[in-house]
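Visitor: 3D, please:
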Amino acid sequence: MFLIPLCVFILPTIFLFREGFSHRKSKPDKAKVWYILAALYLIIGFGICGSIIG
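Guide: Numbers count the residues shown, from 1 in each chain. The predicted model follows:
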C-alpha cells in the first residue's frame with residue numbers, strides 16, 4: 001500500500017535527474033532545466049503524496 005505512492009513520486013524524479021545528468025556536458029542549459037524540473041517534482045510529490053499518506 002505504501003510502495004505505490006512512493007514509486008509515483010520517486011521514480012519520475014530519478015528519471016528527470018538522469019536526463020539532466022546525461023545532458024550535462026553537451027547542453028548545460030538544458031541540463032539545468034531538467035534538474036529544476038526534478039527538484040520541483042520532488043517537492044510537489046512529497047507535499048501532495050505526503051499529505052495523502054500522512
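
Visitor: Could you use CA atoms for every contact and neighbour count after this?
Guide: OK.

Visitor: show me what contacts the residue sitting nearest the centre point of the chain?
Guide: Among the residues of the chain, the one closest to the centroid is Thr13, at 1.9 Å (C-alpha atoms, centre = their mean). Residues in contact with Thr13 (C-alpha atoms under 8 Å, 6 or more residues apart in numbering) are Ala38, Ala39, Tyr41, Leu42.

Visitor: what about the first one, which helix or strand?
Guide: The reference is to Ala38. Taking DSSP states H and E as the criterion, the element that holds Ala38 is helix 28-53.

Visitor: Packing partners of that helix?
Guide: For helix 28-53, the packing partners by 3 or more C-alpha pairs under 8 Å, 6 or more residues apart in numbering; DSSP states H and E come out as helix 3-22.

Visitor: Next, the angle helix 28-53 makes with the helix it packs on.
Guide: 170 degrees (axes from the mean of the first three to the mean of the last three C-alpha atoms, to 10 degrees).

Visitor: picking up where we left off before, could I get the contacts of Thr13 as JSON lines with distance to Leu3?
Guide: Shown next, in JSON lines, are the contacts of Thr13 (distance: C-alpha to C-alpha, whole Å):
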{"residue": "Ala38", "distance to Leu3": "20"}
{"residue": "Ala39", "distance to Leu3": "21"}
{"residue": "Tyr41", "distance to Leu3": "18"}
{"residue": "Leu42", "distance to Leu3": "16"}
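
Visitor: Would you reformat those residues as CSV and include neighbour count?
Guide: Conversion of these to CSV gives the following (neighbours: other C-alpha atoms under 10 Å):
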residue, neighbour count
Ala38, 22
Ala39, 15
Tyr41, 17
Leu42, 17
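
Visitor: Could you check the pLDDT of Leu3?
Guide: Looking at Leu3, its pLDDT reads 80.

Visitor: And Asp29, by the same measure?
Guide: For Asp29, pLDDT reads 95.

Visitor: Next: Ile44.
Guide: Looking at Ile44, its pLDDT reads 84.

Visitor: re the thing from before, for the contacts of Thr13, which one is nearest Cys7?
Guide: Comparing those against Cys7 with C-alpha to C-alpha places Leu42 closest, at 11.5 Å.
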